[in-house]
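In: Sequence first, predicted coordinates after that:
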Amino acid sequence: MWTDEEITGRINQTVQWLREKVTEANAKGVVVGISGGVDSAVVTGLCSQAFPDNCLGVIMPSHSNPDDKEDAYWIAEGFEISPLEVDLGDAHTQIFEHVKKGLESQRYALVGEKMSQGNLKARLRMSTLYAVANALNYLVVGTDNAPESYIGYFTKYGDGGVDLLPISSLTKTEVRAWARVLGLPPEIVKRVPTAGLWPGQTDETELGLTYDLIDRYLLGGEVAPEVQERIETLHRQSEHKRHLPPQLELPKLKGLD
């Protein structure tokens with residue numbers, strides 16, 4: 001495990017990387033969605049160090065647990081950045097109800113209603129972050145960690161739709177260590193991971209895996225055969241999320257004589 005001194009060095013390296021990427025893009029700052037979880041808390045801390053005067057944290061409740069919003073505000077205040085709250089609850093309800101009624105009126109069976117609602121929530125967040133970022137000429141900074149990136153535990157064009165991913169090489173264990181070094185309290189560091197896509201949802205229950213097991217696999221440690229199979233299956237099935245869409249290459253029109 002990294003020492004606190006080594007972690008501080010890596011944090012400084014990441015902060016400098018954020019500054020370089022924003023400069024390369026001719027942007028003025030960064031925007032990050034704050035959920036109240038440890039991943040978004042760490043990214044908020046990194047962004048606040050990189051751009052203390054040009055970092056905006058967006059809090060986007062959508063029929064969410066009130067504790068999540070309270071934690072998100074606490075994180076923003078702790079890192080001394082300005083929070084912007086955009087409640088997406090009504091927008092989510094209206095859009096999905098229109099979709100549902102339209103499909104049911106044409107006698108379609110909604111076989112993936114829960115997933116559709118959850119992914120819509122993630123994509124509304126992405127659209128909101130980009131609406132803010134474009135208005136300010138900021139870049140959107142994502143919060144996906146290494147396990148999420150590897151197994152595809154993110155919504156395509158949702159929380160996967162960002163400009164920069166500063167912690168995508170960190171295991172969950174490393175993220176928690178960075179959180180501690182950044183001064184976050186145990187309540188945030190040990191918070192049960194959830195994407196907040198529906199009531200009672202937690203990452204590990206949905207995945208059927210713990211982050212500790214995924215971390216161990218990614219670091220080359222030994223895991224049970226069924227765990228390895230589950231992780232590798234999720235990685236294969238989510239490969240499309242980590243690439244641009246397939247493009248059909250048709251024969252080019254030859255020049256006319």
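Out: Cool, got the structure.

In: Let's verify V30: helix, strand, or coil?
Out: Secondary structure assignment for V30 (DSSP: H, G, I helix; E, B strand; the rest coil): strand.

In: wait, it sits on L18?
Out: Yes - counting by Cβ atoms under 8 Å, a contact exists between V30 and L18, whose distance comes to 6.8 Å. (Each C-beta comes from the backbone N, C-alpha and C, glycine too.)

In: Which one's more surrounded, those two?
Out: When neighbours are counted by other Cβ atoms under 10 Å, V30 and L18 differ, and V30 comes out ahead with 30 against 21.

In: Check what pLDDT the more buried one gets.
Out: Reading off the per-residue confidence, V30 sits at a pLDDT of 99.

In: returning to that earlier point: can you list residues touching both of V30 and L18?
Out: Taking Cβ atoms under 8 Å, 6 or more residues apart in numbering as the contact definition, V30 and L18 share the neighbouring residues C47, A50, F51, V141, L164.

In: In terms of helix, strand or coil, where does the closest residue to L84 other than its chain neighbours fall?
Out: With Cβ to Cβ, 6 or more residues apart in numbering as the criterion, L84 has its nearest non-adjacent residue at 5.1 Å, and that residue is V58. Secondary structure assignment for V58 (three-state DSSP): strand.

In: so what's V58 bridging to?
Out: With DSSP bridges as the criterion, the beta-bridge partners of V58 are G33, L84.

In: and V140, helix, strand or coil?
Out: With three-state DSSP as the basis, V140 sits in strand.

In: Quick check: it vs H243, distance?
Out: Counting by Cβ to Cβ, to the nearest Å, the gap between V140 and H243 amounts to 19 Å.

In: of these two, who's got more company?
Out: Using other Cβ under 10 Å as the criterion, V140 and H243 rank with V140 on top: 20 against 7.

In: was I right about the more buried one contacting L165?
Out: No - using Cβ under 8 Å, V140 and L165 do not qualify as a contacting pair, with a distance of 10.2 Å.
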